[in-house]
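Q: what would the 3D arrangement of this be:
(one chain, ligands or ions: 2)
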Amino acid sequence: MNIILLGPQGAGKGTQAQRLAGRAGAKHISTGDIVRTEIKSGSELGQKVQDYNDRGELVPDEIIVEMAKPYLDAAESWILDGFPRNEAQAKALDAALEELGEELDAVVALEAPDEALVTRLSGRRQSQSTGNIYHVEFDPPPEDGEDEGPFVQRKDDTEEAIRRRLEIYHEQTEPLKDYYARRGLLATVNAEQSISKVTESILKLVGEGI
Ligand code: AP5
Ligand code: MG
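A: Ligands and ions are numbered 1, 2, ... in the order given. All right, here's what the predicted structure looks like:
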């Protein structure tokens with residue numbers, strides 16, 4: 001099963017992809033995580049993309065497509081989180097799938113109003129050891145020490161960068177809903193429900209073949 005999770009910043013793409021990948025046996029591919037790993041490595045490419053990331057701007061299409069491709073090639077089935085984000089990237093994905101002889105099965109759009117998202121992002125913490133995503137109030141790290149952390153805030157979770165990311169989402173990414181709806185691949189889920197309810201809703205849709 002090859003699935004795209006589409007949705008604004010804080011809708012829960014990473015949170016849900018993490019849970020679904022475990023249950024569906026598909027690989028979770030997050031272009032945001034790929035970007036952050038590259039930045040952490042201190043590589044030349046990491047230095048090139050850092051400024052875009054920290055300001056909440058999109059990394060240029062040709063760079064992000066090159067960064068994502070090896071992960072698509074290597075995975076048998078995947079849940080894409082944060083890619084594609086505009087029509088040029090969606091077309092690049094179509095071309096990559098054709099080349100690989102694979103198909104896209106479904107696009108799940110997670111929907112929530114911007115006000116709810118800012119609260120979520122300001123309380124988000126990510127474990128530096130496991131990559132798992134938590135929220136100080138809604139989904140705190142386990143107390144049994146199973147995840148050792150440390151639990152850090154992302155550099156782009158500042159108010160200014162959050163606002164810019166949401167603006168870009170509405171301008172460039174949201175129109176992709178129509179792009180995929182025209183092909184009969186789009187399903188929408190109310191992302192204002194609890195984390196586990198959202199997971200159940202997605203599994204139900206995917207199980208029904210969307
Ligand atoms: P990326 O890492 O993808 O960040 P983003 O798009 O800003 O999305 P988020 O990760 O903030 O949101 P999410 O939906 O994953 O939310 P999460 O599950 O964490 O990209 C970062 C940057 O990399 C970009 O700005 C860009 O520079 C670059 N980049 C990446 N991909 C690119 C591309 N394709 N093209 C160009 N550049 C690219 O949840 C958020 C919080 O809410 C968590 O604390 C979670 O615990 C909580 N939460 C989740 N669900 C619920 C719920 N149902 N109820 C209560 N709390 C919840
Ligand atoms: Mg994410």
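
Q: give me the low-pLDDT residue ranges for this protein?
A: Residue ranges of the chain with pLDDT under 70: 208-210.

Q: in it, what residue is nearest ligand 1?
A: Using CB to the nearest ligand atom, the single residue of the chain nearest to ligand 1 is Gly32, 1.8 Å away. The C-beta positions use only the backbone N, C-alpha and C, and glycine is treated the same way.

Q: so who does that residue touch?
A: Taking CB atoms under 8 Å, 6 or more residues apart in numbering, we find Gly32 in contact with 14, 81-82.

Q: these also near ligand 1: which ones?
A: When CB under 6 Å from any ligand atom is applied, the members of the contacts of Gly32 adjacent to ligand 1 are 14, 82.

Q: now, the contacts of Gly32 that are in strands?
A: If you go by DSSP state E, the contacts of Gly32 have Asp81 in strands.

Q: let me know the closest of the contacts of Gly32 to Arg154.
A: Of all the contacts of Gly32, Arg154 sits closest to Gly14, with 10.6 Å by CB to CB.

Q: the closest one against Ile133, yeah?
A: Yes - if you go by CB atoms under 8 Å, Gly14 and Ile133 touch, sitting 5.0 Å apart.

Q: if we can go back for a sec, ramachandran angles for the residue of the chain closest to ligand 1?
A: Per-residue torsions, Gly32: phi -60, psi -40 (degrees, to the nearest 10).

Q: distance check, it against Glu174.
A: According to CB to CB, to the nearest Å, Gly32 and Glu174 sit 17 Å apart.

Q: and Lys27, by the same measure?
A: 26 Å.

Q: which residues of this protein lie near ligand 1?
A: Within the chain, the positions adjacent to ligand 1 are 7, 9-15, 31-32, 35, 52-53, 56-59, 64, 82-83, 85, 89, 120-121, 123-124, 133-135, 138-139, 156, 165, 191, 194-195, 198 by CB under 6 Å from any ligand atom.

Q: now, those that are in helices?
A: In this view, the residues of the chain next to ligand 1 that belong to helices under DSSP state H are 13-15, 31-32, 35, 52-53, 64, 89, 120-121, 165, 195, 198.

Q: wait, Asn53 touches Thr37, no?
A: No - with contact defined as CB under 8 Å, Asn53 does not reach Thr37; the gap is 11.3 Å.
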